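>>> coords please:
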Amino acid sequence: MKSQIFTGCIAAVLLSGCAHSAMPDASAETSVAPAPQPTTAVAQAPVAAPSQQMAIPADRNVLFWPQDVRAVAFRMMDQMPQVAQSRAIDTGTSVLPLPDGEPLDLGDFELDAFMQSQSSAGIVVVHDGEIVLERYGLGMTATDRWTSFSVAKSLTSTLVGAAIQDGHIESLDDPVTRYIEDLQGSAYDDVSIRQLLTMSSGVRWNENYGDPNSDVAQFANHQAEDGLDVTVSYMRNLPRANEPGTNWRYSTGETNLVGVLVSEAVGMPLADYLSMKVWQPFGMAYEASWLLGDTGHEIAGCCIQATTRDMARFGMFTLTDGMIDGDRIVPEGWFSEATDPAFQLSARGDGYGYQWWTHPGDTYAAQGIFGQGIFIDPSRDLVIATNANWPDATGNGGKGAERFAFYSAVQAAVDARMGD
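From the prediction side, this is the model:
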């Protein structure tokens, strides 16, 4: 792999700093802050910070970067023009407080060992609106941003609900081609927005992260046809594999299409719409960013750079039924519908809704490769936001199951506290 070598603080020009010295002030989030600057973590787990000497790949395909490179790059993806340009997600004039609650007792669960195994960058647990556990690793802090990968899918889905509430989209049963005319004559004819949201369009797609010939890998290098968005250009040439609505097939490309659809419907970039509908009014503390495709649309299925705390705030937003200060952001019942499984994926009861993973006990999650996640348990008023740098993209080697064991330990600790 071709690379450029940066050593020590020379790398700081690109890597956004090499020293972390000041303690974060919990009150700093009471007023709006710009893009976060590095500070010392609130509580630092024994997860080694990245090496002072890093090889930054010229290859744009993050799926095949070495793990030590990812540990640095994931906190500065919007500062690497060789990867992608980005668009800011602006904050508003106030911040939703996240007060410290009574620290959660996890009993025999070995949190340090868990974070070490996960290559954890950040964990924020919010119960009843208070932070009851917050830990960082890999040199990350409460004010540092980390890339979301497919966690962004659930935020994109939420913007569909906002566009319906605002009258820009009439119905989830509308054909996709009503909003993306350049898909007419393709396998997306007769595919509805609902089928796109539930990844059941029937259009062929290969999301094998380990295969350089898969669609998810090849898409990164696709050159758009003249006058077309890069996502539309790639997706409209794919063949149909099944009838729409009959099979679930995980496809980041289809979330990217959802993003194009929302942008076309509302007449503004996704980053601006997310800022206007959620980031500003709900009170996110820090400016975030969204990576862009080659033709200028946000990569809707990936890559929002945000603090772990603000991702936890987004999870809290879903618990409000989409209300902010009396204003309805998404239709009533949207999140119940969006997190109701359209497809059951396991005997255990896991499924998939509108770009949300659904789990037993009416819990649901946004998930991204290499260990990013927001787990939401409405019955416990519980949100768990995690960022990590797993050795492999999917976590199928045990990291995903290990994270679910952590979720279960947190749930058990909450139940013990509540006397259940």
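
>>> Quick check: phi and psi at I329.
Main-chain torsions, I329, degrees, to the nearest 10: phi -90, psi -40.

>>> Not counting its neighbours along the chain, what's nearest it?
The shortest distance from I329 to any non-neighbouring residue, by Cβ to Cβ, 6 or more residues apart in numbering, is to G322 (4.7 Å). Placement of C-beta: from N, CA and C, glycine included.

>>> Run through the residues that contact that neighbour.
161, 165, 328-332, 334-335 (Cβ atoms under 8 Å, 6 or more residues apart in numbering).

>>> what do you get if the cut-off is 6 Å, keeping everything else the same?
Shown in contact with G322 (Cβ atoms under 6 Å, 6 or more residues apart in numbering): 329-330, 334.

>>> Counting neighbours, which bits of stretch 314-329 end up buried?
Going by neighbour count (16 or more other Cβ atoms under 10 Å), the buried part of stretch 314-329 is 314-319, 321-322, 324, 329.

>>> ah, wrong one, I meant stretch 286-304
286-294, 297-304.

>>> ok, and the helix or strand in the protein with the lowest average confidence?
Within the chain, confidence by mean pLDDT, DSSP states H and E is lowest for helix 12-15 among all helices and strands, at a mean of 26.

>>> L382 - how many residues pack around it?
L382 has 22 neighbouring residues, counting by other Cβ atoms under 10 Å.

>>> what sits against it?
127, 414.

>>> and what of R380?
Counted by Cβ under 6 Å, 6+ apart, R380 has contacts V414.

>>> thinking again about what came up before, of the buried residues of stretch 286-304, which belong to strands?
288-291, 304 (DSSP state E).

>>> Of the residues you listed, just say which sits nearest to A241.
L291 (28.3 Å; Cβ to Cβ).

>>> quick one: the closest one from L319, how far?
The spacing between L291 and L319, counted by Cβ to Cβ, to the nearest Å, is 27 Å.

>>> try L274
18 Å.

>>> What is the burial count for the residue nearest to P99 when sequence neighbours are not counted?
Nearest non-adjacent residue to P99, counting by Cβ to Cβ, 6+ apart: E130, 5.3 Å away. By the measure other Cβ under 10 Å, the count of residues near E130 is 14.

>>> Likewise for G419?
The burial count for G419: 5, using other Cβ under 10 Å.

>>> pLDDT value on it, please?
G419 is assigned 90 on the pLDDT scale.

>>> try A58
For A58, the model assigns a pLDDT of 62.

>>> And the helices in the stretch 251-400 of the chain?
252-266, 270-274, 280-282, 308-318, 334-338, 399-418 (DSSP state H, counting those that start in this stretch).

>>> any idea how far the longest one is from the chain center?
The chain centroid and the centroid of helix 399-418 are separated by 21 Å, computed with Cα atoms, centre = their mean, to the nearest Å.

>>> cool, the fourth one as well?
With Cα atoms, centre = their mean as the basis, the distance from the averaged C-alpha position of helix 308-318 to the chain average is 11 Å.

>>> tell me the mean pLDDT over it?
pLDDT averaged over helix 308-318 gives 98.

>>> list the helices and strands that helix packs on?
Applying 3 or more Cβ pairs under 6 Å, 6 or more residues apart in numbering; DSSP states H and E, we find helix 308-318 packed against strand 120-127, strand 372-377, strand 382-388.

>>> Let's verify T231: helix, strand, or coil?
Three-state call for T231 (DSSP: H, G, I helix; E, B strand; the rest coil): helix.

>>> Looking at it now. What's its pLDDT?
Note on T231: pLDDT of 92.

>>> That one contacts E254, correct?
No. T231 lies out of contact with E254 (Cβ atoms under 6 Å); the separation is 9.3 Å.

>>> residue ranges of the helices in the stretch 51-200 of the chain, please?
67-73, 111-118, 151-165, 193-197.
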